[in-house]
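K.L.:
no sequence for this one, just the structure:
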């Protein structure tokens, strides 16, 4: 049996759910510790001792070592599994999409979801760039997913897990997902492949 991990995270955070979904897919036992990033829980001395960056998700491995950043945790958990392509080019494409997600997708779509849906910021008070750049990201995904079933080819990989987390919630940020037919179809494929719970279901 795979060694268990402790995972600090918030169930409303796509970044926190990504490593949880990988662990579930691979049969890795997880002790989930709900940690609200909005109420100061990640800034306590006890938490900062585990992760000086004061961020979730944070994994504590069975041997006590810690690992932060959602994509790093996912890669560690999935090492040697089918979620990381064996072909070197497809594996590089998977990483390409994961790097792109953190630079060109999450800073716009996830941020707009958080501010509009969770923090209840009026839409007119949000930076218009969030909507523009988020739609550009969805259009980039639409282009790829019109050619391939999954982002790195014809099999689900960590790239899909990295990107589905906030893409499936994009409507909460005011994005019109129905404008991106291939993306909507891909969301359904990934949700079925990973047996994902409903959006915002408690962990």
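P.N.:
Structure's in. What do you need? Keep in mind the model is a prediction, meaning the values are calculated, not measured.
K.L.:
So which bits of the lengthiest helix in the chain are buried?
P.N.:
For the chain, the helix that runs over the most residues, judged by DSSP state H, is helix 128-145. Residues of helix 128-145 classed as buried by neighbour count (16 or more other CB atoms under 10 Å): 130, 131, 133, 134, 135, 137, 138, 141, 142, 144, 145. All C-beta atoms are positioned from the backbone trio N, CA, C, and that covers glycine.
K.L.:
Would you mind checking the average pLDDT for stretch 30-39?
P.N.:
Per-residue pLDDT over stretch 30-39 has a mean of 92.
K.L.:
If you count neighbours, what's buried in it?
P.N.:
For stretch 30-39, the neighbour count (16+ other CB under 10 Å) marks 30, 32, 35, 37 as buried.
K.L.:
Break down the chain into its helices, ranges please.
P.N.:
14-26, 45-50, 70-78, 88-100, 111-113, 128-145, 158-167, 181-194.
K.L.:
and those helices, which is most packed in?
P.N.:
Burial of the helices of the chain is given as mean neighbour count (mean count of other CB atoms under 10 Å); helix 158-167 ranks first at a mean of 26.
K.L.:
Report the inter-axis angle for that one versus helix 128-145.
P.N.:
140 degrees (axes from the mean of the first three to the mean of the last three CA atoms, to 10 degrees).
K.L.:
Show me what helix 158-167 is in contact with.
P.N.:
Helix 158-167 has contacts (CB atoms under 8 Å, 6 or more residues apart in numbering) with 14-15, 17-18, 21-22, 70-71, 74-75, 78, 83-84, 93-98, 101, 105-106, 109-110, 113, 138, 141, 150-152, 177, 183, 186-187, 190-191, 193-194, 196.
K.L.:
hmm, back to that, want to try CSV for the helices of the chain, with mean pLDDT and distance to residue 119 as columns?
P.N.:
Below are the helices of the chain laid out as CSV (pLDDT from 0 to 100; distance: least, CB to CB, whole Å):
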stretch, mean pLDDT, distance to residue 119
helix 14-26, 97, 16
helix 45-50, 95, 21
helix 70-78, 97, 21
helix 88-100, 97, 26
helix 111-113, 97, 10
helix 128-145, 98, 13
helix 158-167, 98, 15
helix 181-194, 97, 24
